[in-house]
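Visitor: Have a look; sequence and predicted model below, questions after that.
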Amino acid sequence: SVENYSKELKKHTEADKLISRDDLKKEEENFNRNLKCINSIFGVGVEHGDRNVERVNNASISTNVEPPVLRGQRKDHKVIPPGGVTPMRALCGGTEAPNARLGHGVGMILTDFLDGDTDHHEMKSSEEMRSKFHEYNTNVPAEVKKRAVVNSMDAKSLYPSIRKSVAKEAIFELVDRSRLDIKNVNYWEAAKYIYLQCTAEEIHKAGLADVIPRRTTRSTRQLTLNCLFTRGDDDKWIPGQDPDDAQKKMIISLVLCAANEEIMSNHIYKFGDTLYRQSDGAPAGSEYAGIIARAVTRMFDRRYLRKTAERGLNVLMYGRYIDDIDQVIEKEHDDDDEKTTSEKFKAIANECCDNIVWEDDIPSGHPGAKLPILDMHVWLRDDGVLLYQHYEKPVSSKQVISVRSAHSSQGKRAVHINEIVRRMLNCSPLLS
């Protein structure tokens, strides 16, 4: 019913603040100023001349963008108790939103850092996960395999659980680890942006107290980014020291963290006719949410694998698809069963990132003692060798392509052939 629909969705707005249309307009103007600063700092369009820079800045302006609407989708795969209400998954189409352009600009920069880091455990497909299975079967000694347990872990509501403080830690770590050759960064503009957007404590902690410029006169009111676009403002700054390479990385980190704070602190959505400002978590439905989640989960991977090693626990195989971790782990003691072993590793996972909670899953909880991982069933043979076969959720559509679709017969045939090939590849060669 409409009442149940509204009641279930209302739960997702309880922690968020109601705002007015005037507040929305102010935030949109603030997003535009921030993106203009980001464009200037990272030299967006400078290689194509001043005229192109002006075009980029004009294209970066958001005007009267309506906040995305919060809507619900039934979780029809959940078991509903007698007399209960079908739970709803809150969805928000944030592709068009007041902060969408700022999120896209900052997200592109973070994506370059993410793609430039090749030392990670992020899987992008079933093919990559199967390569992990092959490495385990090939490289792990037979005696160790006999003590192995396969399990999976899944983050509970990952995007809403990402706190701004955790995202900030992930950005610092991402930039610090980077070996990219960074060009066209205007460190003078970046330093002024940091002065206005960051606290003195943050600047001092980053070791930039002598690098960040100061104003020639103390202002009687809180300065905003507006001053950077005032004619003659450059004369009102006292420059700091030139940054070294390490300090340049810290400057980039602080700029991205300040922009991240704006995006995550001021995500606005609409439920009915009411506007809400999201209190915490990755901005619902936005492109940026997926990007900052990638940075956070990469940081989680490193912390988790380091902590397990420090505790003397052995991860024999590890791969992560978004927030689904698939791993083969070694029993700590011979008398540990798979449930005990899995819970030990889950406890460590829950220590890694504040507010991100992981749930574990083991083969014995499923029919045939086969663990669903992506589109595969996975299990260990008695000798510890990992086997897999094709799997589909019961709620998955059985239709591959409609016979009445406008595709050509050749196209339909190609779709079916590729579906057959996918199913064949999803079956371990060791099963034949």
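Guide: Thanks, I have the structure now.
Visitor: Poorly predicted segments of the chain, please.
Guide: 76-85 (pLDDT under 70).
Visitor: so where do the helices sit in it?
Guide: Assigned by DSSP state H, the helices in the chain fall at 2-10, 21-41, 50-59, 100-116, 126-139, 142-145, 158-161, 164-177, 187-197, 200-205, 245-265, 287-310, 338-349, 409-425.
Visitor: Tell me the helices and strands packed up against the second one.
Guide: Same thing as helix 21-41. helix 50-59, helix 100-116, helix 187-197, helix 245-265, strand 274-277 (3 or more Cβ pairs under 8 Å, 6 or more residues apart in numbering; DSSP states H and E). C-beta: built from backbone N, CA, C; applies to glycine.
Visitor: Remind me what the second one packs against, helices and strands.
Guide: By that I understand helix 100-116. Using 3+ Cβ pairs under 8 Å, 6+ apart, helix 100-116 sits against helix 21-41, helix 164-177, helix 245-265, helix 287-310.
Visitor: Out of these, flag the one nearest S125.
Guide: helix 287-310 (15.2 Å; Cβ to Cβ).
Visitor: quick one, the closest one and helix 164-177 angle?
Guide: Counting by axes from the mean of the first three to the mean of the last three Cα atoms, to 10 degrees, helix 287-310 lies at 80 degrees to helix 164-177.
Visitor: quick one: helix 287-310 to chain centroid distance?
Guide: Here the centre of helix 287-310 is set off from its chain's centre by 9 Å, with Cα atoms, centre = their mean, to the nearest Å.
Visitor: E173 contacts F300, correct?
Guide: No - taking contacts as Cβ atoms under 8 Å, E173 lies outside contact range of F300: 10.6 Å.
Visitor: Comparing the two, which residue is more hemmed in?
Guide: F300 (23 against 17; other Cβ atoms under 10 Å).
Visitor: Identify the residue spatially nearest to the residue located most distally from the centre of the chain, adjacent ones excluded.
Guide: Distance from the C-alpha centroid of the chain peaks at T217, with 41.2 Å (Cα atoms, centre = their mean). Counting by Cβ to Cβ, 6 or more residues apart in numbering, T217 lies nearest to K236, which is 7.2 Å off, once chain neighbours are set aside.
Visitor: Return the distance of the one you found relative to L18.
Guide: As judged by Cβ to Cβ, to the nearest Å, K236 and L18 stand 38 Å apart.
Visitor: Please say which of these two ends up with more neighbours.
Guide: Between K236 and L18, K236 has the larger neighbour count (other Cβ under 10 Å), namely 15 against 11.
Visitor: residue contacts, the more buried one?
Guide: K236 makes contacts with R215, T216, T217, C227, as judged by Cβ atoms under 8 Å, 6 or more residues apart in numbering.
Visitor: Throw the residues you listed into TSV and include distance to I401, thanks.
Guide: TSV is the format used below for those (distance: Cβ to Cβ, whole Å):
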residue	distance to I401
R215	64
T216	68
T217	69
C227	58
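Visitor: any idea which of these is the one closest to G93?
Guide: C227 (35.1 Å).
Visitor: how deep is that closest one tucked in, by neighbour count?
Guide: 14.
Visitor: Quick check: it vs T63, distance?
Guide: From C227 to T63 the distance is 22 Å (Cβ to Cβ).
Visitor: Repeat that for N4.
Guide: From N4 to T63 the distance is 37 Å (Cβ to Cβ).
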